[in-house]
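Q: Sharing a model prediction with you, sequence too.
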Amino acid sequence: MSGADLSQFSMRDVFRIEVEGQAQALTAGLLALEQNPRRADQLEACMRAAHSLKGAARIVDIGAGVTLAHAMEELFVAAQEGRTILSQAQIDLLLKGVDLLTGIAQAPDAAPGEVDPWEDEADRYVATLASVLDHPAPEIVELPTPPMPSTPTAPSEPAQSERALRVSADNFNRLLDLAGESLVESRRLKPFGQSLLRLKRMQRQAADAIEALHAMLPPDALTAAAEAALASAARQMLDCRHFLTERIAEIEAADHQATALAHRLYDQALLVRMRPFADGVTAFPRMARDLGRSLGKTVRLEIGGSATQVDRDILERLDAPLGHLVRNAVDHGIEDPDARAAAGKPPEGVVRLDAHHSSGTLQIQINDNGRGIDLERLRATIIRRELATEDTVARLTDAELLDFLFLPGFTLKEGVTEISGRGVGLDVVHDMVKQVGGTVRISSELGKGTRFHLQLPLTLSVIRALLVEIGGEPYAFSFAHVVRALKLPRDMIGITEGRQHFSLDGRQTSLVAAHQILGCGAPPTGEDVLSVVVIGSQDSTYGVVVDRFLGGRELVVQPLDPRLGKVKDISAGALMEDGSPLLILDVDDMITSMEKLAATDRLDNVRATVDAGGGARQRKRVLVVDDSFTVRELQRKLLDHHGYQVEVAVDGMDGWNAVRGGDFDLVVTDIDMPRMDGIQLVTLIKKDPNLRALPVMILSYKDREDDRRRGLEAGADYYLTKGSYQSDALIEAVTDLIGEAVP
């Protein structure tokens, strides 16, 4: 780090930095030598790394470090000179030396006069290495050098012109936020320039009006003074036009320069936030190798796309999930050598970790050439654990079956070991991917291996989003959660068991109005075609009706003030080009909200919701309260068919909550219901000063005089029995109470 600014570091800190970099070089080199112990380039790299560590330890007066590094250096020199050839056991010993050096670097400084506890450990290690050097090199057959896997290399020493500075994460995030704001502010010149263009058009129209006035006046009505005034006005209008043209050109040039500069500033700030993928996975090859050896397996981890740039925050969050997936591949996927030999596979198992960019996303794949996942065994485990019925499991696709592996506590391992068997791991991967707005999929072929495919955003600071208008306000859907955006004719909407849906790629997709989820104003009326955003995953989708599409944008994410807590259905904020704020929708939260509304039969009719925004044509609203789904659905369909807008409640308590929060023209209620019966509901409505004028109809199965009397005494306006009423009787009663559906 000769070019780095280390003025804020102590010498011990400098030594720690040196050990961290050289330890990575030693580990990568030793793993390569494990595949081919005669690789001269790797022996040279390891020898130089050990030599550098020896010098660094001597400078900071760490005797144990000097002793360890010198002994390792001697062994590498012996291998270079052919006096020994590194065996598996010797490489294990050298890796142990790397661990010891790392421990020495991380240990606190010894107090004055205190004996360094690492000295004895270093002496024992040196004695072991010395015994290795006493044995002559074994005779081995020279083999062709196999192609080596991609392994992380040590961080290269920065050029003399590069300098490293310590900047806290908070300070850098604030810098990035300011760069993002400058990007937004730079766009404000464009609408200003457009307003000048409108002014230019208006000025031209004014000039044309003066010329038309001149032409319309009779010659004898124009005096010399009038002619001079009109000519002067025409000249001034022409001067204004030229002046405006120059200013517009200047504004356009300034807009172009400011926008380009702001983009460069933001891109450069964002680039500083990015780190190569290799920085987050340097420990994995060693981990896979050591774990395999502890299980009696020979495993090699290959890494592709080491230079792929990844957002720092995402890379940090990937550490635990990728570690789980690598351990899972070694433990569950790779077979032991005998099983691999019986299957006709090479004794060494391979796990490959790849990263690359594609279509504005980060793609990560973890593949192994192991046994794969036995889907029949997976089906049996799902049934045994009563996670689904046998009939349901039989109908599941392979992808749906594999999704069960992401459930907390789910495992195919029969016994619990120190490594696995408790079902902890894949749910961590799934949760992390969801937190950053990504997806994860599994594919497997029995006997061939398993693949995990992670799709993640490139950065958490900027998202590509679909902007929509809901209730007159702009909102954003992250493209990562948008399955499709489409225009849906209203006559394509169907209803089954009270749930609205439409056909998408041969499947029925549930439909709900965004206005109901967000609790905002009514949508525009008179639209024969609805704007629908399809959200969710390919296996489970929902259609959300919005007012209109505003196009795609790249948005700089602005986290909400933590004092607000979790805002329902909202994940963050952003700014439009003109500086106005908008909210980024939390799609997972919206799906949860829709499922809760559906579970209580509280989803509004989208077609009715659209019609209801029509002011003078607004339909009258009826609340149906009944604990029987069949009765609720029968009444809802009947009233909806006659033009009324209907909402439903599953019992008296649900009805009481609904009537207090909605503006209804009529309540139709049953008597016998859980939690709160119909008589109690009527009593509460009629005692409330804001609701006492609301008409209430009791519709009961039982034609009991006592129920009729109690209902009317409580204040009910009408009593009808379900056993005897006809559809016409219900509609006539509703019409008598509140009139026709549309006033």
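A: Received, thanks. Residues are numbered from 1 along each chain as shown.
Q: count of residues packed around the closest residue to D717 other than its chain neighbours?
A: Nearest residue to D717, sequence neighbours excluded (CB to CB, 6 or more residues apart in numbering): P695, at 4.6 Å. Where you see a C-beta, it was placed from the backbone N, CA and C, and this is true even at glycine. For P695, the count of nearby residues is 18 (other CB atoms under 10 Å).
Q: what's near enough to touch P695?
A: D665, L666, V667, D717, Y718, L737, I738 (CB atoms under 8 Å, 6 or more residues apart in numbering).
Q: any idea how far S540 lies from I364?
A: 23 Å (CB to CB, to the nearest Å).
Q: returning to that earlier point: name the member of the contacts of P695 with the most neighbours.
A: V667 leads those on contacts (other CB under 10 Å) with 27 neighbours.
Q: where does V428 fall, helix, sheet strand or coil?
A: helix (DSSP: H, G, I helix; E, B strand; the rest coil).
Q: tell me the contacts of it?
A: By CB under 8 Å, 6+ apart, the residues touching V428 are A320, P321, H324.
Q: The residue nearest to the second one when sequence neighbours are not counted and L301: what is the separation?
A: For P321, ignoring the flanking residues on the chain, the nearest one in space by CB to CB, 6+ apart is V429 at 4.1 Å. V429 sits 17 Å away from L301, going by CB to CB.
Q: same question, M653
A: The gap separating M653 from L301 is 58 Å, by CB to CB.
Q: and these two? which has more neighbours close in?
A: Of the pair M653 and L301, L301 is the one with more neighbours under other CB under 10 Å, namely 27 against 16.
Q: From the centroid of the protein, which residue is nearest?
A: The chain has G437 as the residue nearest its centroid, 0.5 Å off, counting by CA atoms, centre = their mean.
Q: ok, it touching F479?
A: No - here G437 does not reach F479: they are 9.6 Å apart, not a contact under CB atoms under 8 Å.
Q: domains in this protein, as residue ranges please.
A: Listed by automatic domain parsing, the domain ranges of the chain are 11-133, 169-275, 301-330+349-456, 462-599, 619-738.
Q: Which one of those lies nearest to T282?
A: domain 11-133 (5.1 Å; CB to CB).
Q: For that closest one, give the mean pLDDT please.
A: For domain 11-133, mean pLDDT is 83.
Q: So which bits of stretch 242-255 are buried?
A: L244, I248, I251, D255 (16 or more other CB atoms under 10 Å).
Q: The residue nearest to the last one when sequence neighbours are not counted: what's it in contact with?
A: Of all residues not flanking D255 in the chain, L189 sits nearest, at 3.9 Å (CB to CB, 6+ apart). Counting by CB under 8 Å, 6+ apart, L189 makes contact with I251, A254, D255, A258, T259.
Q: What separation is there between L189 and S195?
A: L189 is 11 Å from S195, by CB to CB.
Q: And for Q680?
A: Relative to S195, and taking CB to CB, Q680 is found at 61 Å.
Q: neighbour-wise, which of those two wins?
A: Between Q680 and S195, counting by other CB under 10 Å, Q680 is the more crowded of the two (16 against 11).
Q: Is that one located within a helix, as I assumed?
A: Yes - per three-state DSSP, Q680 lies within a helix segment.
Q: In contact with it, which residues are there?
A: G652.
Q: in terms of contact, does G292 touch L301 like I think?
A: No - if you go by CB under 8 Å, G292 and L301 don't touch, sitting 9.1 Å apart.
Q: Mind listing the shared neighbours of those two?
A: Contacts common to G292 and L301, judged by CB under 8 Å, 6+ apart, are absent.
Q: For T669, which residues are in contact?
A: V624, V625, D626, G652, G655, G678, L681, V682, V696, M697, I698, L699.
Q: Swap in 10 Å and give it another go.
A: 623-626, 649, 651-652, 655, 659, 677-679, 681-682, 685, 696-700, 711, 716 (CB atoms under 10 Å, 6 or more residues apart in numbering).
Q: before we move on, which element is I584 in?
A: Per DSSP states H and E, I584 falls inside strand 581-585.
Q: Give the pairing partners of that strand; include direction for each.
A: Sheet partners assigned to strand 581-585 using DSSP bridges are listed as strand 473-478 (parallel), strand 570-575 (antiparallel).
Q: helix or strand right after the helix ranked longest in the chain?
A: Across the chain, the longest stretch assigned as helix under DSSP state H is helix 224-273. Heading C-terminal from helix 224-273, the first helix or strand you meet, by DSSP H and E, is strand 274-276.
Q: tell me which residues in stretch 309-321 are buried?
A: Q309, V310, D311, R312, I314, L315, R317, L318, P321.
Q: Which of these fall within helices?
A: Short answer: these in helices (DSSP H) are R312, I314, L315, R317, L318, P321.
Q: which residues does the fifth one contact?
A: What it means is L318. By CB under 10 Å, 6+ apart, the neighbours of L318 are 277, 280-281, 310-311, 325, 355, 362, 364, 429, 432-433, 436, 454, 456.
Q: Now, these that are in strands?
A: V310, D311, A355, L362, I364, L454, L456 (DSSP state E).
Q: Need the max-distance pair from the residues you listed.
A: D311 and L454 (13.8 Å).
Q: Overlap of the contact sets of those two?
A: Common neighbours of D311 and L454 (criterion: CB under 10 Å, 6+ apart): L318, L362, V436.
Q: Kindly reformat these as a markdown table containing pLDDT and distance to A225.
A: Converted to a markdown table, the shared contacts of D311 and L454 look like this (pLDDT from 0 to 100; distance: CB to CB, whole Å):
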| residue | pLDDT | distance to A225 |
| --- | --- | --- |
| L318 | 87 | 82 |
| L362 | 88 | 76 |
| V436 | 78 | 76 |
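Q: and which of the residues you listed is nearest G370?
A: Comparing the shared contacts of D311 and L454 against G370 with CB to CB places L318 closest, at 22.0 Å.
Q: Distance check, the closest one against M432.
A: Applying CB to CB to L318 and M432 gives a distance of 8 Å.
Q: Identify the contacts common to those two.
A: Counting by CB under 10 Å, 6+ apart, the residues touching both L318 and M432 are L454, L456.
Q: a markdown table for the contacts of V428, including distance to H70?
A: Shown next, in a markdown table, are the contacts of V428 (distance: CB to CB, whole Å):
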| residue | distance to H70 |
| --- | --- |
| A320 | 37 |
| P321 | 40 |
| H324 | 38 |
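Q: Kindly indicate which of these lies nearest A485.
A: P321 (30.3 Å).
Q: OK, contacts around that closest one?
A: Counted by CB under 10 Å, 6+ apart, P321 has contacts 364, 366, 425-426, 428-433, 440, 452, 454.
Q: change it to 8 Å
A: V428, V429, M432, V433, L454.
Q: hang on, the earlier thing: select from the contacts of P695 every entry located in strands.
A: Short answer: the contacts of P695 in strands (DSSP E) are L666, V667, Y718.
Q: Give me the lowest-pLDDT entry from the contacts of L318.
A: Among the contacts of L318, V436 has the weakest pLDDT, 78.
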